[in-house]
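**Q** Structure for this input, please:
(2 chains)
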Amino acid sequence: EAGVTQSPTHLIKTRGQQATLRCSPISGHTSVYWYQQALGLGLQFLLWYDEGEERNRGNFPPRFSGRQFPNYSSELNVNALELEDSALYLCASSFNQPQHFGDGTRLSIL
Amino acid sequence: AQSVSQHNHHVILSEAASLELGCNYSYGGTVNLFWYVQYPGQHLQLLLKYFSGDPLVKGIKGFEAEFIKSKFSFNLRKPSVQWSDTAEYFCAVNSPHTGTASKLTFGTGTRLQVTL
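**A** Predicted structure coming up:
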């Protein structure tokens, strides 16, 4: 069984740019979750999509957004990038419990 | 709101030593409890989970955890650690949700270093 796949592995941007991160869930999983793992801040919940709809969002500004496509894959978009957005962004998927995680996209803001 | 506390940030043990990592959560309702492990350079992997029933749960690689409801705790244990257990360990909780899994709230993680 293929796991959760995320792309790209690394992404380097400058302040003010926009970033798009992608996630393909495990086959059969309908929910996708995004988490931010920033140095010193641990794993913070960002967004949860289920059946194409946003079900919940964490305490992040509106410039963090995303969507889920009919094939259940998902995009995370971060606009107006700031230095503190530098982090590992993890995607997880599930059909009920538990959540399975991808390798992450490391976003570096210069 | 849910919160999770992991008391040990960095633990150093010799091989064959016993391990216990603390995890306490704060939430008034029913919770699901998880321990995830992140080996160096790898993705988060599920070690074990508790939903209901026997409060002592066994996971992969010889790990186990005990849910003590009165103490809001879900401590992770292993009788004898190996060098390959060197990793970061995360405790997490979420609320039971019909049909799907709600968001996870993670602790800050415990970095375990096992020396030979």
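**Q** what are the phi and psi values for B:Ile60?
**A** In terms of degrees, to the nearest 10, the main-chain angles of B:Ile60 are phi -80, psi 160.
**Q** Which residue is the nearest non-sequential neighbour of it?
**A** Spatial nearest neighbour of B:Ile60, excluding adjacent residues (Cβ to Cβ, 6 or more residues apart in numbering or on different chains): B:Leu47 at 6.1 Å. Bear in mind the C-beta positions are built from the backbone N, C-alpha and C, glycine included.
**Q** same for whatever helix or strand the one you found lives in, what does it pack against?
**A** For B:Leu47, the element it lies in under DSSP states H and E is strand B:45-50. Packing contacts for strand B:45-50, counted by 3 or more Cβ pairs under 8 Å, 6 or more residues apart in numbering or on different chains; DSSP states H and E, involve strand B:32-38, strand B:56-58, strand B:64-68, strand B:73-78.
**Q** Now find how far off-centre that strand is within its chain.
**A** In this view, strand B:45-50 has its centroid 7 Å away from the chain centroid, taken as Cα atoms, centre = their mean, to the nearest Å.
**Q** Measure how it sits relative to strand B:32-38, angle-wise.
**A** Interaxial angle, strand B:45-50 versus strand B:32-38 (axes from the mean of the first three to the mean of the last three Cα atoms, to 10 degrees): 160 degrees.
**Q** Identify the residues contacting the residue nearest to A:Gly16 when sequence neighbours are not counted.
**A** Spatially, and ignoring its direct neighbours in sequence, A:Gly16 is nearest to A:Ala80 (5.9 Å; Cβ to Cβ, 6+ apart). A:Ala80 makes contact with A:Gly16, A:Gln18, A:Arg63, according to Cβ atoms under 8 Å, 6 or more residues apart in numbering or on different chains.
**Q** I'd like to know how many residues surround the first one.
**A** The number of residues packed near A:Gly16 is 10, by other Cβ atoms under 10 Å in any protein chain shown.
**Q** same question, the last one
**A** Around A:Arg63 there are 13 other residues, counting by other Cβ under 10 Å.
**Q** Wait, it touches A:Leu46, no?
**A** No: if you go by Cβ atoms under 8 Å, A:Arg63 and A:Leu46 don't touch, sitting 11.7 Å apart.
**Q** which residues does the residue lying closest to B:Asn8 once chain neighbours are set aside bridge with?
**A** Excluding the flanking residues, the one nearest B:Asn8 by Cβ to Cβ, 6+ apart is B:Thr110, at 4.8 Å. Assessed by DSSP bridges, B:Thr110 has beta-bridge partners B:Tyr89.
**Q** Might one say that B:Thr110 is in contact with B:Ser5?
**A** No: B:Thr110 is not in contact with B:Ser5 according to Cβ under 8 Å; the separation is 10.9 Å.
**Q** Same drill for the two, tell me which one is more crowded.
**A** Neighbour totals were compared for B:Thr110 and B:Ser5, and B:Thr110 leads with 21 against 14 (other Cβ under 10 Å).
**Q** Give me the pLDDT value at B:Gly99.
**A** Per-residue pLDDT puts B:Gly99 at 55.
**Q** oh sorry, the question was meant for B:Ser102
**A** We have a pLDDT of 84 for B:Ser102.
**Q** which residues does the closest residue to B:Gln6 other than its chain neighbours contact?
**A** Sequence neighbours aside, B:Gly107 is the residue nearest to B:Gln6 in space, at 3.7 Å (criterion: Cβ to Cβ, 6+ apart). B:Gly107 makes contact with A:Gly42, B:Val4, B:Ser5, B:Gln6, B:Cys23, B:Phe90, B:Cys91, B:Ala92, according to Cβ under 8 Å, 6+ apart.
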